[in-house]
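>>> next input, structure requested:
(one chain, ligands or ions: 1)
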Amino acid sequence: MAQMFPGKFAYFEGAYVPIEEAKISIMTHAFNYGTGLFEGIRGYYSKKKKAILIFRLKEHIDRLVRNCRILCMEIPETPENIENICIDLVKKSGFQEGVYIRPIIYKSELSLGPLLKGIESKLCCYVIKLGDYCDITSGLDVCVSSWRRLADNAIPSRVKATGSYINSALAASEAKQAGFSEAIFLNENGMVVEGSAMNIFLVHQGELITPPRSETILVGITRNTVIELVKKELGLNVIERPIARTELYVADEIFFCGTGAQVAPVRSVDRRIIGNGQPGPITKKLQEIYFQVVQGENEKYSNWCTVVPCE
Ligand code: PMP
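Coordinates of the predicted model:
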């Protein structure tokens, strides 16, 4: 498991405190019932700009705040405040390399019973160093999971809730124990939805296909980025529609995308080689564009990067 290298400070109970002091009680609602909502946001270090560029900060905070409605959460911080807290923590970390920012809104009361309404919530946030989360060069060997993705009317996948990552952990652990790098989830109807912590795209005869947002997926910020880049930069269309399991086996290319995964090619699914077993041309081109954009090297998308100068 990846080791964590945190910054010295965290945001906790309304203040910046040393990371070792940011601790919750074992009676906390979120710890007992999984009632936390979180984001994972990357910052890329640019040597040229001597700055960390936080990628699509606004969009991440917007998703976090919107999803609060589903879990009946209210916090004193405004979206602008939360963005500033993320920026401050990156500054305070002093890191001059890739970072990962983790704001969490959690039910902070020490109260018994799995209720949502009327339980107080708080915001906390920390920053860690982060390089690649999974291989993005040679292609991943993945399997279809025997675990099904959570249904929207059970635990909504659209919500990045702490408790729902049990579903991801079951699938990812099963895959790793069986010698694969990742898992692909099917939904209750047997259709492809996403990876354990990433969205999925396939390329079939020049068309890009990904499950629609009405499916049981987390509507990824990277997914939205990829859709826009594919249309604007590659001039290709992205079709959002349900995908059957066997469409995976006959695809020309498959890739995952996510804040952690970035753009990660898939080499095989259930031991069936995808394409010629190498990252395909569309995936490679997209990776190239993606990394230019996140490094702030494509002016057209500079509004997606929040520049935090490194002192
Ligand atoms: N699906 C799941 C289940 C995830 O955990 C993630 C990672 N946040 C994603 C998709 C990708 O989302 P994003 O691009 O917003 O990181």
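>>> what is the neighbour count of residue 122?
Residues near residue 122, counting by other CB atoms under 10 Å, number 21. Bear in mind the C-beta positions are built from the backbone N, C-alpha and C, glycine included.
>>> then residue 98?
16.
>>> excluding chain neighbours, what is closest to it?
Setting aside the residues directly before and after it, residue 98 is nearest to residue 130 in space (CB to CB, 6 or more residues apart in numbering), at 5.3 Å.
>>> please identify which helix or strand holds residue 293.
helix 281-294 (DSSP states H and E).
>>> mean confidence for that helix?
In this model, helix 281-294 has an average pLDDT of 98.
>>> so how far is residue 28 from the residue nearest to residue 98?
26 Å (CB to CB, to the nearest Å).
>>> after the helix or strand residue 239 falls within, which helix or strand is next?
Element membership of residue 239 [criterion: DSSP H and E] is strand 238-240. For strand 238-240, the succeeding helix or strand toward the C-terminus, using DSSP H and E, is strand 243-244.
>>> for the stretch 1-150 of the chain, what lies in contact range of the ligand?
Selection of the stretch 1-150 of the chain residues close to the ligand by CB under 6 Å from any ligand atom yields residue 40.
>>> can you list the weak-confidence ranges in the stretch 1-150 of the chain?
Where the stretch 1-150 of the chain drops to pLDDT under 70, the residues are 1-2.
>>> how far away is the residue of it found nearest the ligand from residue 227?
Distances between the stretch 1-150 of the chain and the ligand by CB to the nearest ligand atom are smallest at residue 40, namely 5.0 Å. Distance, residue 40 to residue 227, using CB to CB: 19 Å.
>>> re earlier: quick one: the helix holding residue 293 near the ligand?
No. Using CB under 6 Å from any ligand atom, helix 281-294 never reaches the ligand; the gap is at least 11.3 Å.
>>> pLDDT on the strand holding residue 239, on average?
Over the span of strand 238-240, the pLDDT mean works out to 98.
>>> distance check, the residue nearest to residue 98 against residue 262.
Per CB to CB, residue 130 is found 11 Å from residue 262.
>>> tell me, what's touching these two both at once?
Where contact means CB atoms under 8 Å, 6 or more residues apart in numbering, no residue is in contact with each of residue 130 and residue 262.
>>> can you pull the contacts of residue 200?
Residues in contact with residue 200 (CB under 8 Å, 6+ apart) are 184, 192-194, 210-211, 243, 254-257.
>>> check those one by one and keep those near the ligand.
residue 194.
>>> out of the contacts of residue 200, who's nearest residue 285?
Checking the contacts of residue 200 against residue 285 by CB to CB gives residue 255 as the nearest, at 11.2 Å.
>>> which element follows the helix or strand that closest one falls within toward the C-terminus?
Secondary structure assignment for residue 255, by DSSP H and E: strand 253-258. Downstream of strand 253-258, the first helix or strand assigned by DSSP H and E is strand 262-269.
>>> give me the contact list for that following strand.
The contact list for strand 262-269, computed with CB under 8 Å, 6+ apart, reads 132-136, 138-144, 182, 184, 198, 222, 226, 248-249, 253-257, 273-274, 277-280, 283-284, 286-287, 290-291, 294.
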